[in-house]
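**Student:** how does the following fold in three dimensions:
(one chain, ligands or ions: 2)
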Amino acid sequence: MGTKGEKAELRCPRYAVGLMSGTSVDGIDAAVVEINGNREEPPGVRLVAFENSPYPAGVREDIFALFDPCNATVDRVGKMNVLLGELYAEAALSVIGKAGLSAEDVSVIGSHGQTIYHAPSMEPYHGRNVHYTVQIGEGAVIAARTGIPCVSDFRPADMAVGGQGAPLVPFTEYLLYREEHRTLLLQNIGGIGNMTVIPAGCSPGEVYAFDTGPGNMIIDGVVERLYPGQLTMDIGGAIARSGTADPRLLGRLQQEAYYSQPLPKSTGRELFGSSYIDKLLHDAEALGMQAEDIVATVTMLTAWSIGDAYRRYVMAGHPADAMIVGGGGSYNPVLMEWIRKEMAKEGVQVLTQEAIGHNSDAKEAVAFAVLADYAITNRPNNLPHVTGASRPVVMGKISY
Ligand SMILES: Nc1ncnc2c1ncn2[C@@H]1O[C@H](COP(=O)(O)OP(=O)(O)OP(=O)(O)O)[C@@H](O)[C@H]1O
Ligand SMILES: CC(=O)N[C@H]1[C@@H]2OC[C@@H](O2)[C@@H](O)[C@@H]1O[C@H](C)C(=O)O
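**Tutor:** Numbers count the residues shown, from 1 in each chain. Ligands and ions are numbered 1, 2, ... in the order given. Here you go, the predicted structure:
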């Protein structure tokens with residue numbers, strides 16, 4: 001291990017593990033990547049193994065309970081922090097086995113953790129301005145159980161220098177997707193939707209990215225309420241397909257101020273979580289809407305928000321050649337069809353990650369493996385232009 005500022009050569013190839021548990025809380029994504037490349041050059045990154053482990057029964061519900069600050073008492077957060085550390089360590093060891101490697105072969109684990117609160121806008125507090133974000137999943141536990149150094153809690157370092165602490169994945173998207181002659185939009189549709197713009201032939205400082213708004217969060221939220229105990233998502237978009245979007249409700253939902261908020265911006269469950277769903281269902285009931293029409297309307301809203309974001313923030317400066325969609329939303333064919341219609345209006349072709357040979361589920365886990373590879377070697381890994389940070393910083397806290 002080099003000391004601060006030392007420009008030691010990096011071992012090639014080296015292996016890193018990335019762990020991600022996203023805002024949908026649908027389990028732990030774990031990836032092993034092989035990394036080639038030294039300090040001075042963009043690394044070559046190859047996915048060696050990927051695994052998704054669903055949370056044990058009851059854990060997902062207990063995580064959801066922590067999204068409500070009134071329920072997130074210090075003891076509950078503290079316990080879940082350690083439990084998730086244990087589960088993440090198990091997921092890491094399992095994917096390392098799947099890759100045919102042992103822990104000694106792996107130089108670092110990068111663990112995003114579980115976001116339970118994200119408050120990127122500055123607020124006055126005791127005479128200071130503060131903004132904050134909370135990801136749990138104890139890195140010290142992951143390091144202790146696996147014997148591998150673990151980098152966790154990435155976002156606070158970016159926020160400490162004025163950034164939004166999100167989105168972070170564009171850093172690796174730039175490294176892995178940039179093309180000389182095509183401007184690409186990478187649209188992730190997880191719980192939240194986020195778009196990365198990679199202009200043709202760009203340098204890192206020209207990449208920008210932001211959260212477009214809800215990804216599957218509203219769709220999942222209304223489906224769970226309308227079909228309690230039966231469904232947690234609109235599998236294959238079957239419900240939306242059987243309904244019709246209602247222009248009255250759609251028009252109201254499009255008024256949400258987040259859509260026109262200037263960049264940089266990021267959002268989360270604090271805005272589009274359970275109180276938002278309460279209000280939406282109340283309005284839908286007042287309009288006498290059927291369940292399938294509500295699901296169709298929020299699916300349409302999600303597709304619209306992506307097209308609207310492109311028109312509002314991107315199209316004039318960087319007309320895109322293609323949009324590549326990843327994340328769980330790419331498995332909803334109705335959502336995909338409506339996004340294709342939105343983007344066709346602007347002449348942008350829509351593809352999936354799979355269509356261009358990538359693994360859509362693994363993308364964020366791969367990103368945290370690469371971000372950890374930078375952190376453990378003391379190299380800056382944020383994109384200030386994306387997050388709004390005042391300067392490059394090394395994000396992530398290291399547990400040896
Ligand atoms: N077959 C399917 N049909 C419809 N929707 C699906 C399907 N598979 C996954 N999804 C949607 O994708 C969601 C999970 O997406 P993903 O795993 O990308 O989210 P995440 O990584 O937790 O979120 P984020 O990127 O915001 O942190 C599910 O909650 C569901 O809404
Ligand atoms: C605070 C937080 O967890 N934000 C997530 C969330 O999920 C998608 C979108 O909102 C993105 O901003 C971010 O995650 C990805 C991994 C990112 O930072 O790029």
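**Student:** what sits against Gly396?
**Tutor:** 110, 151-154, 157, 371-372, 375, 381 (C-beta atoms under 8 Å, 6 or more residues apart in numbering). For every residue, glycine as well, the C-beta is placed using N, CA and C.
**Student:** and of the residues you listed, the nearest to Ala144?
**Tutor:** Ser152 (12.6 Å; C-beta to C-beta).
**Student:** the closest one and Val108 touch, don't they?
**Tutor:** No - contact between Ser152 and Val108 fails when scored by C-beta atoms under 8 Å: they sit 10.9 Å apart.
**Student:** more neighbours: those two, which one.
**Tutor:** The neighbour comparison of Ser152 against Val108 (other C-beta atoms under 10 Å) goes to Ser152, with 28 against 25.
**Student:** for that one, give me its contacts.
**Tutor:** With C-beta under 8 Å, 6+ apart, Ser152 has these contacts: 110-113, 135, 137-139, 142, 396-397, 399.
**Student:** would you list those residues in TSV and tack on distance to Gly213?
**Tutor:** Formatted as TSV, the contacts of Ser152 follow (distance: C-beta to C-beta, whole Å):
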residue	distance to Gly213
Gly110	27
Ser111	26
His112	21
Gly113	23
Gln135	21
Gly137	26
Glu138	31
Gly139	30
Ile142	32
Gly396	27
Lys397	30
Ser399	34
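**Student:** how close does the residue nearest to Ala65 when sequence neighbours are not counted get to Tyr117?
**Tutor:** Nearest non-adjacent residue to Ala65, counting by C-beta to C-beta, 6 or more residues apart in numbering: Asn71, 4.7 Å away. From Asn71 across to Tyr117, the span is 12 Å (C-beta to C-beta, to the nearest Å).
**Student:** contacts for stretch 41-49?
**Tutor:** With C-beta under 8 Å, 6+ apart, stretch 41-49 has contacts from 15, 31-37, 95-96, 98-101, 172, 175-176, 359, 362, 366, 369-370, 373.
**Student:** in PyMOL, select just the buried ones from the residues you listed.
**Tutor:** Selection command for PyMOL covering only the buried members of these, criterion 16 or more other C-beta atoms under 10 Å:
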select buried, resi 15+31+32+33+34+35+37+95+96+99+101+172+175+176+362+366+369+370+373
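**Student:** contacting residues for Glu346?
**Tutor:** The neighbours of Glu346, taking C-beta under 8 Å, 6+ apart as the test, are 307, 310-311, 315, 319.
**Student:** just the buried residues out of the residues you listed, in ChimeraX syntax.
**Tutor:** Buried residues among the contacts of Glu346 (16+ other C-beta under 10 Å), as a ChimeraX selection:
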select :307,310
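**Student:** which two among the contacts of Glu346 are spaced furthest apart?
**Tutor:** Taking C-beta to C-beta, no two of the contacts of Glu346 sit farther apart than Gly307 and Pro319, at 13.9 Å.
**Student:** tell me which parts of the stretch 1-150 of the chain are close to ligand 1?
**Tutor:** For the stretch 1-150 of the chain, the contact set with ligand 1 under C-beta under 6 Å from any ligand atom comprises 22-24, 26.
**Student:** which stretches of this protein form strands?
**Tutor:** Secondary structure of the chain (DSSP state E): strands at 14-21, 28-36, 44-53, 106-125, 128-136, 150-152, 184-189, 192-198, 208-214, 322-326, 349-352, 397-399.
**Student:** how close does Arg270 sit to ligand 2?
**Tutor:** Quick fix: residue 270 is Glu, not Arg. Relative to ligand 2, Glu270 is positioned 10 Å away (C-beta to the nearest ligand atom, to the nearest Å).
**Student:** quick one: pLDDT of that residue?
**Tutor:** With respect to pLDDT, Glu270 scores 94.
**Student:** check the gap between the residue of the chain positioned farthest from its centre and ligand 2 for me.
**Tutor:** Distance from the C-alpha centroid of the chain, by C-alpha atoms, centre = their mean, peaks at Gly288 (34.7 Å). Distance, Gly288 to ligand 2, using C-beta to the nearest ligand atom: 34 Å.
**Student:** contacting residues around the residue in the stretch 51-200 of the chain positioned nearest to ligand 1?
**Tutor:** Of all residues in the stretch 51-200 of the chain, Gly190 sits closest to ligand 1, at 2.1 Å by C-beta to the nearest ligand atom. Each residue near Gly190 by C-beta under 8 Å, 6+ apart is listed here: 22-24, 215-216, 327-329, 364.
**Student:** settle it for me: which of Asn71 and Tyr117 has more neighbours?
**Tutor:** Tyr117 (18 against 12).
**Student:** residues touching the spatially closest residue to Met300 that is not a sequence neighbour, list them.
**Tutor:** Using C-beta to C-beta, 6+ apart and skipping the chain neighbours, the partner closest in space to Met300 is Ala245 (4.0 Å). Neighbour list for Ala245: 293, 296-297, 299-300 [criterion: C-beta under 8 Å, 6+ apart].
**Student:** same check, this time on Asn38
**Tutor:** 9-10, 12.
**Student:** kindly reformat those residues as CSV containing neighbour count and pLDDT.
**Tutor:** Shown next, in CSV, are the contacts of Asn38 (neighbours: other C-beta atoms under 10 Å; pLDDT from 0 to 100):
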residue, neighbour count, pLDDT
Glu9, 8, 79
Leu10, 19, 87
Cys12, 12, 90
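**Student:** just the closest of these to ligand 2, please.
**Tutor:** Leu10 (23.9 Å).
**Student:** pop out the phi and psi values for that closest one.
**Tutor:** Main-chain torsions, Leu10, degrees, to the nearest 10: phi -100, psi 150.
**Student:** Pro56 too?
**Tutor:** phi -60, psi 150.
**Student:** can you count the residues close to it?
**Tutor:** Neighbours around Pro56, by other C-beta under 10 Å: 9.
**Student:** give me the nearest residue to it, chain neighbours excluded.
**Tutor:** Nearest to Pro56 is Leu87, by C-beta to C-beta, 6+ apart, at 7.6 Å.
**Student:** for Gly215, see how far away whichever residue of the stretch 251-400 of the chain sits closest to ligand 1 is.
**Tutor:** With C-beta to the nearest ligand atom, the shortest gap between the stretch 251-400 of the chain and ligand 1 falls at Gly328, namely 1.9 Å. Distance of Gly328 to Gly215, given as C-beta to C-beta: 8 Å.
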